[in-house]
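Peer 1: Return a 3D structure for these sequence lines:
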Amino acid sequence: MSKDQGFVIWLTGLPGSGKTTIAQKLLRELKTRKLKVELFDGDEVRKNLSKGLGFTKEDRDTHNKRVIYVCKLLTRNDVNAIVSLISPYTSTRSYARNNLPKFVEVYLKCSIKKCIERDPKGLYKKALSGEITNMTGIQDPYEEPSNPEVLLNTEHDSSRKNVEKVLKKLEELGYINNHP
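Peer 2: Numbering: from 1, shown residues only. Now for the predicted structure:
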């Protein structure tokens, strides 16, 4: 592994668990540290890299593997990546871990009840009324990570506290320097 290899922060959790919020705050923080970093947000990636894919297990796997491939290209050129995808399946996250040398899995733990309360895009409401299918946490499973590098409790802890936990782990791994 090259010393200049970039790292990947892989944020995973139920819809509404806070992935986008944490990802955007991490992006700002890493940029203030003068790091090269790109953000892969699930909705944006679907519009641009995975247009036309649905939400079957096969489509979700294809969507995730496309992101993994692009992250592999970026990280080998010393660009860091923040990935904010539901990525509900253990097998897909294992594939990412096996293909991305500096992989940091961050699990945003939040109860389905709290995610339904937040429902920032109205997806749970649509899923519960039968308007949409294959909704992770409702009709489709979410397989919780068994051993993530970082576990965030987004139901009880502030986004600032959660971002600090991720930064601390990156410092412990030697991926970033301590910031005054």
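Peer 1: can you map out the strands along this protein?
Peer 2: Along the chain, the segments classed as strands by DSSP state E run 8-12, 37-41, 80-84, 103-109, 150-153.
Peer 1: Give the other helices and strands that the fourth one contacts.
Peer 2: What it means is strand 103-109. strand 8-12, helix 19-32, helix 90-99, strand 150-153, helix 159-172 (3 or more C-beta pairs under 8 Å, 6 or more residues apart in numbering; DSSP states H and E). Just so you know, the C-beta spots here come from the backbone N, C-alpha and C atoms, and that holds for glycine as well.
Peer 1: highest average neighbour count across these?
Peer 2: strand 8-12 (a mean of 28; mean count of other C-beta atoms under 10 Å).
Peer 1: got the angle for that strand vs helix 159-172?
Peer 2: Relative orientation of strand 8-12 versus helix 159-172 (axes from the mean of the first three to the mean of the last three C-alpha atoms, to 10 degrees): 140 degrees.
Peer 1: got the contact list for strand 8-12?
Peer 2: Strand 8-12 has contacts (C-beta atoms under 8 Å, 6 or more residues apart in numbering) with 19, 22-23, 26, 71, 75, 80-88, 93, 96, 100, 102-108, 145, 148, 166, 170.
Peer 1: try 7 Å this time
Peer 2: 19, 22-23, 26, 71, 75, 81-87, 93, 96, 100, 102-108, 145, 166 (C-beta atoms under 7 Å, 6 or more residues apart in numbering).
Peer 1: same question, stretch 110-123
Peer 2: Contacts of stretch 110-123 (C-beta under 7 Å, 6+ apart): 13-18, 124-125, 132, 135, 137, 154-155.
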